[in-house]
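Enquirer: Fold the following for me, if possible:
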Amino acid sequence: MSANTHTIMGGKVHLYQRGDSQNWHCYTFMKGKKRRKSTKVDSLSLAKEIAEDWYVTLRGKDRAGLLKDEKSFEQAAEQFRKEYEVITEGQRSPRWVSGHNDRLRIHLVPFFGPMGVSEVTAGKVQEYRMHRMTSRLDKKTGEPLRPARSTIHDEIVTLRLVLKTAIRHNWLSHLPDLSPPYKTQGKIVHRPWFSPAEYKQLFEATREYAKKPIYNNHKWNAEQVHDFVLFMANTGMRPDEAKNLQHRDVSIVKDQATGDRILEIEVRGKRGVGYCKSMPSAVKPYERLLARPLPGLPQGKRARRRRGETDDAPIQQEAKYPQPTDLVFPGNHIKLFNNVLKRITLKKDRDGNRRTAYSLRHTYICMRLMEGADIYQIAKNCRTSVEMIEKFYASHIKNTLDAAAINVLKPKTAPRRANNARKKELEDAQDHI
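Expert: The predicted model follows:
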């Protein structure tokens with residue numbers, strides 16, 4: 001026996017050191033399988049005690065029928081963590097990857113962790129849904145705080161990815177049914193958007209605020225928000241795509257088919273690199289964005305004092321204009337945009353859904369459908385699928401219904417009684433002949 005290998009418990013448990021590691025590891029054979037554990041200590045005497053306790057615990061689980069011959073869900077989740085971030089590097093945003101890790105750490109592993117992967121059945125998944133619906137209570141009312149449907153959906157997506165990892169490593173034979181039971185056909189709902197009248201009310205409000213802001217130092221931001229509303233509602237871009245947009249990605253061109261001046265935009269966002277052609281109404285807002293000087297130094301009283309600037313001797317700033325590599329929409333104007341919506345009572349639609357900057361994209365799609373645009377071309381221009389547009393937009397746009405095809409009537413036939421009377425008249429005439 002080598003110096004770094006020891007046997008205890010009558011030869012049933014073996015302790016050893018790996019390579020250059022100072023920590024002791026132990027292993028034993030039980031139920032025809034070699035089982036290992038790291039003691040995580042470098043003291044031999046302490047490692048022997050840990051190994052003895054571990055072996056006794058294994059024997060107890062074996063006698064109680066709790067000793068599993070398969071990988072646990074926690075082990076599968078750890079394998080998924082190792083693989084997912086490496087394999088999807090550059091294909092998934094860091095925020096989406098961290099979301100999987102958070103869902104595993106906070107919810108899934110505490111519930112499924114000790115279970116073997118084959119024990120994660122459809123019934124257990126339903127128990128998990130019930131657990132998430134009832135485990136948190138409101139401190140004031142005592143009512144359950146139910147997570148949103150999308151939250152549960154994201155957690156089930158993470159669970160499915162872990163189980164698929166187990167299948168790839170032959171730890172699991174098949175994927176259980178993870179679909180929610182008692183599910184009926186999904187309810188068709190409006191995505192929050194602005195009707196033509198509401199959209200007009202919105203851009204008139206932002207235009208008035210850009211002319212007369214509450215505070216003078218808000219003027220640049222107010223003008224940016226006004227042009228942002230017009231730009232987004234005439235391009236259909238996602239807010240994250242607009243946030244990444246640089247001036248070099250936008251070109252003002254004359255469309256050969258219509259003869260109108262439009263914007264050709266190279267979009268970088270959720271779907272990678274794509275292209276967008278705007279409505280003619282997006283050109284003037286973009287030209288204003290190009291011609292508007294950058295805000296320069298902060299002009300608040302405190303900022304001027306920190307710079308040593310006085311009212312009698314203000315610092316003269318040279319006007320700087322956007323460069324090709326500058327962002328089209330620098331900064332964050334969400335607070336100002338939301339305040340405008342609240343002032344004109346358009347923050348929520350009639351169903352109580354909150355409108356956001358994303359609602360401008362929904363407005364663009366709905367208005368194009370109302371004008372009779374081809375749904376396939378809209379999907380291409382918005383970098384989405386026809387299925388998504390049919391599901392969330394075309395279902396509640398009245399202009400997509402063809403009344404001429406719906407209100408079809410069969411030709412009416414003469415009443416049977418009138419036919420009999422006519423037949424009798426003909427018979428009488430023949431008798432007189």
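
Enquirer: How is the protein divided into domains?
Expert: 5-64, 73-168, 196-297+321-400 (automatic domain parsing).

Enquirer: any chance of the ones you listed in CSV, plus distance to Tyr182, mean neighbour count and mean pLDDT?
Expert: Heads up, the C-betas are built off the backbone N, CA and C, glycines and all. Putting these into CSV (distance: least, CB to CB, whole Å; neighbours: other CB atoms under 10 Å; pLDDT from 0 to 100) gives the following:
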stretch, distance to Tyr182, mean neighbour count, mean pLDDT
domain 5-64, 36, 14, 89
domain 73-168, 10, 15, 89
domain 196-297+321-400, 21, 16, 90
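
Enquirer: Out of these, which gets nearest to Pro411?
Expert: domain 196-297+321-400 (28.2 Å; CB to CB).

Enquirer: With distance to Lys410 as extra columns, can I get the domains of the chain in TSV?
Expert: Below are the domains of the chain laid out as TSV (distance: least, CB to CB, whole Å):
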stretch	distance to Lys410
domain 5-64	75
domain 73-168	45
domain 196-297+321-400	25
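
Enquirer: surely Leu58 meets Ala64?
Expert: No: in this structure Leu58 lies outside contact range of Ala64 using CB atoms under 8 Å: 10.9 Å.

Enquirer: Can you say which helix or strand has the residue lying closest to Ser385 once chain neighbours are set aside in it?
Expert: Nearest residue to Ser385 in three dimensions, chain neighbours excluded: Ala379, at 5.8 Å (CB to CB, 6 or more residues apart in numbering). Element membership for Ala379 (DSSP states H and E) is helix 375-382.

Enquirer: Return the distance of Lys139 relative to Leu145.
Expert: 9 Å (CB to CB, to the nearest Å).

Enquirer: was I right about His333 contacting His218?
Expert: No: counting by CB under 8 Å, His333 does not reach His218; the two are 10.0 Å apart.

Enquirer: Next one: Val189, what pLDDT does it get?
Expert: pLDDT for Val189: 66.

Enquirer: cool, Arg307 as well?
Expert: For Arg307, the predicted pLDDT is 62.

Enquirer: if I look at Cys382, how far off is Thr39?
Expert: Applying CB to CB, the value for Cys382 to Thr39 is 58 Å.

Enquirer: Pull the helix holding Ala379 out as CSV, backbone CA atoms only.
Expert: Extracted C-alpha coordinates of helix 375-382, given in CSV (Å, rounded to 0.1, in the frame of the first residue of the first chain):
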residue,chain,number,x,y,z
ILE,A,375,-48.2,39.9,-43.5
TYR,A,376,-45.1,38.1,-44.8
GLN,A,377,-43.3,41.4,-45.7
ILE,A,378,-44.2,42.8,-42.3
ALA,A,379,-42.7,39.7,-40.6
LYS,A,380,-39.5,40.1,-42.6
ASN,A,381,-39.2,43.8,-41.9
CYS,A,382,-39.8,43.3,-38.2
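
Enquirer: Tell me the helix or strand right after it.
Expert: helix 386-392.

Enquirer: which strands and helices sit next to that following helix?
Expert: helix 375-382 (3 or more CB pairs under 8 Å, 6 or more residues apart in numbering; DSSP states H and E).

Enquirer: Which elements pack onto the helix it packs on?
Expert: Counting by 3+ CB pairs under 8 Å, 6+ apart, helix 375-382 packs on strand 272-277, helix 358-370, helix 386-392.
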